[in-house]
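Colleague: I would like to see how this sequence folds:
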Amino acid sequence: MTAALLFWSCIALVAWAYAGYPLLAALLARRYGHAPFQDADDCEHVTVVVAAFDEEARIAARVRDILMQDYPADRLQVLVVSDGSRDGTARAAASVHDERVRVLDLPHNVGKAAALTLALGHVDTPLVAFTDVRQRFSPGALRALCAPFADPAVGAVSGELVIAAADHGTGEGVGLYWRMEKRLRSDEARLGWLHGVSGSIHALRRTLFVSIPAGTVLDDMWMPLHVLRSGHRVWMVRDALAFDRASHSVDEEFQRKLRTLAGNWQLVARLPWLVNPFGNPVFFAWFSHKFLRLLVPWALLVALAACAFADGPVYRMLFGLQLLAYAGALGGLVLPRLAARLPLLPAASSFVMLNFAALLSLPASLAMDPSRLWKKH
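Modeller: Have a look, this model is predicted:
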């Protein structure tokens, strides 16, 4: 393979992952996509599970926020799992005097995945919803989240995470990436291809829950993937909103992304059927959306090297433009407030940051337990 052919092959891979596949999904969703039957008045009994670790300061407010949902009070329960907290998390959760609130106080820290699995042993409602301590729900979020379960084909439902603007320049770029990601997930849902949910707001039928191995990073992919494999559908409700703040710094955002991407490699190791086109019911979508994005940074590096060795003035110009673009993006990471004043630079900086995390995700997942990549904040 010549250097020029190698260059264009790598560019094609990047273009498909970030533009071609999302465009195809959008076109197919418009032509063939369909929504399940939904009934917002048919509110099934639901338990909202909140896993918490050292959240004494925030857990009571989070529980009250859930209890204030526009949902029939006699059909709503809250189960707080204090995962071996070293502070008064369990005590603070129990201070919300409401018979619908239960607290499971684990004696030792077992990690979120194992804590959720233990919690499900204490859930007896047909539906179970999941959220984190950080977020807050819109008033009708839970009702909207549970409405699609009126369709028996639906096994899991994702809400939508709304991230408040950050005070650093790259927040604009990350926000653009997140808006594109949510649109792609919505299109995948209409096609029956959705294979990930928002960990901050999602629900599933309790009978479809599959125990999550301890140390699993992406519980919000483990659950919907098993729902799909059971023959049920994963849907996304864009009216079921959870609100969160953006990362305070580029480093914090980088660590979040590194954890997520390392978790994707971990899933491949723990669920080998993902790479089997005949065993994975959404192989095409998973491969195009998740797996190729793990390969993009490697393709970018090969494209840069191939361009340097390709003959002709066009490739010398493209090589120079790549170097200039990377230099500008890195400058935007170093000086985010200045970059915010320049069109497209925040998006370029975020693209480089996200792909640097993807580049490190494979060695990180091999060198350590990816669950330790999460930094509490």
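
Colleague: CA only for contacts and neighbour counts going forward, please
Modeller: OK.

Colleague: and residue 139, how far is that from residue 240?
Modeller: Per C-alpha to C-alpha, to the nearest Å, residue 139 is found 9 Å from residue 240.

Colleague: quick one, which of these two is more surrounded?
Modeller: The neighbour comparison of residue 139 against residue 240 (other C-alpha atoms under 10 Å) goes to residue 240, with 23 against 17.

Colleague: So the more buried one: helix, strand or coil?
Modeller: strand (DSSP: H, G, I helix; E, B strand; the rest coil).

Colleague: what residues are up against it?
Modeller: 137-138, 140-145, 159-160, 201 (C-alpha atoms under 8 Å, 6 or more residues apart in numbering).

Colleague: Chain neighbours aside, what residue packs nearest to it?
Modeller: Closest residue in space to residue 240, ignoring its immediate chain neighbours: residue 141 at 4.0 Å, by C-alpha to C-alpha, 6 or more residues apart in numbering.

Colleague: ok now do that neighbour, which residues does it touch?
Modeller: The contact partners of residue 141, by C-alpha under 8 Å, 6+ apart, come to 69-70, 159, 239-242.

Colleague: moving C-terminal of the helix or strand of the chain with the lowest mean pLDDT, what's the next helix or strand?
Modeller: Within the chain, no helix or strand scores below helix 336-339, which has a mean of 68 by mean pLDDT, DSSP states H and E. Counting by DSSP states H and E, the next helix or strand C-terminal to helix 336-339 is helix 345-367.

Colleague: Thought residue 13 was touching residue 300, still the case?
Modeller: No. If you go by C-alpha atoms under 8 Å, residue 300 and residue 13 don't touch, sitting 9.3 Å apart.

Colleague: need the contacts of residue 240 in a markdown table with pLDDT and distance to residue 23, can you?
Modeller: Converted to a markdown table, the contacts of residue 240 look like this (pLDDT from 0 to 100; distance: C-alpha to C-alpha, whole Å):
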| residue | pLDDT | distance to residue 23 |
| --- | --- | --- |
| 137 | 96 | 31 |
| 138 | 95 | 30 |
| 140 | 94 | 31 |
| 141 | 96 | 29 |
| 142 | 97 | 31 |
| 143 | 96 | 31 |
| 144 | 96 | 27 |
| 145 | 97 | 27 |
| 159 | 97 | 22 |
| 160 | 94 | 21 |
| 201 | 97 | 26 |
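
Colleague: Let me have the residues you listed in a markdown table, extended by secondary structure and distance to residue 337.
Modeller: Below are these laid out as a markdown table (DSSP: H, G, I helix; E, B strand; the rest coil; distance: C-alpha to C-alpha, whole Å):
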| residue | secondary structure | distance to residue 337 |
| --- | --- | --- |
| 137 | strand | 30 |
| 138 | coil | 31 |
| 140 | coil | 36 |
| 141 | helix | 34 |
| 142 | helix | 37 |
| 143 | helix | 40 |
| 144 | helix | 38 |
| 145 | helix | 37 |
| 159 | strand | 32 |
| 160 | strand | 28 |
| 201 | coil | 31 |
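
Colleague: so which pair among those residues is furthest apart in space?
Modeller: Spatial extent of these (C-alpha to C-alpha) is set by the pair 143 and 160 at 13.5 Å.

Colleague: Give me the three-state assignment for the residue nearest the centre of the chain.
Modeller: By C-alpha atoms, centre = their mean, the chain has its centre lying nearest to residue 198, at 5.1 Å. The local conformation at residue 198, judged by three-state DSSP, is coil.

Colleague: quick one: it from residue 138, how far?
Modeller: Counting by C-alpha to C-alpha - residue 198 and residue 138 are separated by 15 Å.

Colleague: cool, residue 306 as well?
Modeller: Per C-alpha to C-alpha, residue 306 is found 50 Å from residue 138.

Colleague: neighbour count winner among those two?
Modeller: Between residue 306 and residue 138, counting by other C-alpha under 10 Å, residue 306 is the more crowded of the two (21 against 17).

Colleague: Which residue lies closest in space to that one, excluding its sequence neighbours?
Modeller: According to C-alpha to C-alpha, 6+ apart, the nearest residue to residue 306 is residue 3 (4.8 Å).

Colleague: ends of stretch 82-95, how far apart?
Modeller: Stretch 82-95 has an end-to-end distance of 14 Å (criterion: C-alpha to C-alpha).

Colleague: Pull out the buried positions in that stretch.
Modeller: 82-85, 88-90, 92-94 (16 or more other C-alpha atoms under 10 Å).
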